[in-house]
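A.B. asks: Model the structure of this input:
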Amino acid sequence: MEIPKGKKIYFASDNHLGAPTPEASRPREKKFVTWLDTVKHDAAAIFLVGDLFDFWFEYQTVVPKGFTRTLGKLAEISDSGIPIYFFVGNHDLWMNGYFKNELNIPVYHEPKEFAFNNKTFFIGHGDGLGPHDKGYKRMKKVFTNPIFKWLFRWMHPDIGVKIAQYLSIKNKLISGDDDATFLGEDKEWLVQYSKEKLNEKHYDYFVFGHRHLPLEIQLNNNSKYINLGDWVNYFTYGVFDGEQFELKTFKP
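C.D. replies: Have a look, this model is predicted:
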């Protein structure tokens, strides 16, 4: 993709809308919608890099209640012709066809390569990558198992959603609460993962979420690791103007 002059690509992750309660997260949702309204004026594309929701499950004919402001704004932006790309996170990994069918937003379940103005990007949420996260990797295999999803779908949504929301906050393997501090570059497993990927192929930028920490780490002379932070504590986002990538804090 060639970015038109004066346009930019925006990145955000880890909004966790609905946590710890829908009422408590509503001010964050309104702030995020304000950000979307702000960036749409010069956005060439918008990347949402996982955990937009603290819990999401698509039943046959039902999706979770709420998030009206966010979904409406995403529909407006998508309808205007600005492409939006969504990467599932560990909290909203049960995305299926709803975003694609209703909002015309493609959904990716694995990291993906992109090229903008001859700069190569490797983009994904970041959960389950690298040498760490072993407990979560085992749990993810259960959650993504077709039998588990089939059984969960047969549970009444009023019961299933409440159970999932409780586990989402209380279970550290899911919530990631034990990972919310900087471990040092040599112990950051997404940094290690990025360095391993560089042994296979060059990328200018690795862009991830999941860690809830805004981070910029130079991997070598030509490659950089970016973690987008979150919209719970930091309200940070990434912006690429065609030449440089910056992490910024949204202050409406």
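
A.B. asks: need the helices for this structure, in chain order.
C.D. replies: Per DSSP state H, the chain carries helices over the ranges 22-39, 68-79, 98-103, 134-143, 146-153, 157-170, 172-175, 189-198.

A.B. asks: quick one: average confidence on the fourth one?
C.D. replies: The reference is to helix 134-143. Across helix 134-143, the average pLDDT comes to 65.

A.B. asks: Under the pLDDT cut-off, which ranges of the stretch 1-150 of the chain? List them.
C.D. replies: 132-144, 148 (pLDDT under 70).

A.B. asks: cutoff 50 now
C.D. replies: Residue ranges of the stretch 1-150 of the chain with pLDDT under 50: none are present.

A.B. asks: could you give me the average pLDDT of stretch 153-172?
C.D. replies: Averaging pLDDT along stretch 153-172 gives 69.

A.B. asks: mind checking how far the closest residue to residue 108 other than its chain neighbours is from residue 110?
C.D. replies: In space, and not counting its chain neighbours, residue 108 is closest to residue 87: 4.9 Å by CB to CB, 6 or more residues apart in numbering. In this view, the C-beta of every residue, glycine as well, is placed from N, C-alpha and C. Distance of residue 87 to residue 110, given as CB to CB, to the nearest Å: 8 Å.

A.B. asks: go on, residue 153?
C.D. replies: In this structure, residue 153 and residue 110 are 23 Å apart, going by CB to CB.

A.B. asks: now swap in residue 65 and tell me
C.D. replies: For residue 65, the distance to residue 110 (CB to CB) stands at 29 Å.

A.B. asks: In contact with the residue nearest to residue 108, which residues?
C.D. replies: Counting by CB atoms under 8 Å, 6 or more residues apart in numbering, residue 87 touches 47-50, 107-109, 111-112, 123-125, 209.

A.B. asks: which residue is nearest the centroid of the chain?
C.D. replies: Taking CA atoms, centre = their mean, the centroid of the chain lies closest to residue 50, which sits 1.8 Å from it.

A.B. asks: Isn't that residue up against residue 13?
C.D. replies: Yes. Using CB atoms under 8 Å, residue 50 is in contact with residue 13, at 5.3 Å.

A.B. asks: And residue 12, how close does it get to residue 48?
C.D. replies: Distance, residue 12 to residue 48, using CB to CB: 6 Å.

A.B. asks: what about those two, which has more around it?
C.D. replies: residue 48 (29 against 26; other CB atoms under 10 Å).

A.B. asks: Next, find the distance separating the more buried one from residue 237.
C.D. replies: 10 Å.

A.B. asks: Which residues are in contact with each of those two?
C.D. replies: Among the neighbours of residue 48, those also in contact with residue 237 (CB under 8 Å, 6+ apart) are residue 12.

A.B. asks: residue contacts, the residue nearest to the centre of the chain?
C.D. replies: For residue 50, the contacting residues are 13-14, 87-92, 124-127, 209-210, by CB under 8 Å, 6+ apart.

A.B. asks: Which neighbours do residue 50 and residue 13 have in common?
C.D. replies: Contacts common to residue 50 and residue 13, judged by CB under 8 Å, 6+ apart, are 89, 125, 209, 210.

A.B. asks: Just the buried residues from these, in PyMOL please.
C.D. replies: Buried residues among those (16 or more other CB atoms under 10 Å), as a PyMOL selection:
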select buried, resi 89+125+209+210
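
A.B. asks: Much appreciated, bye for now.
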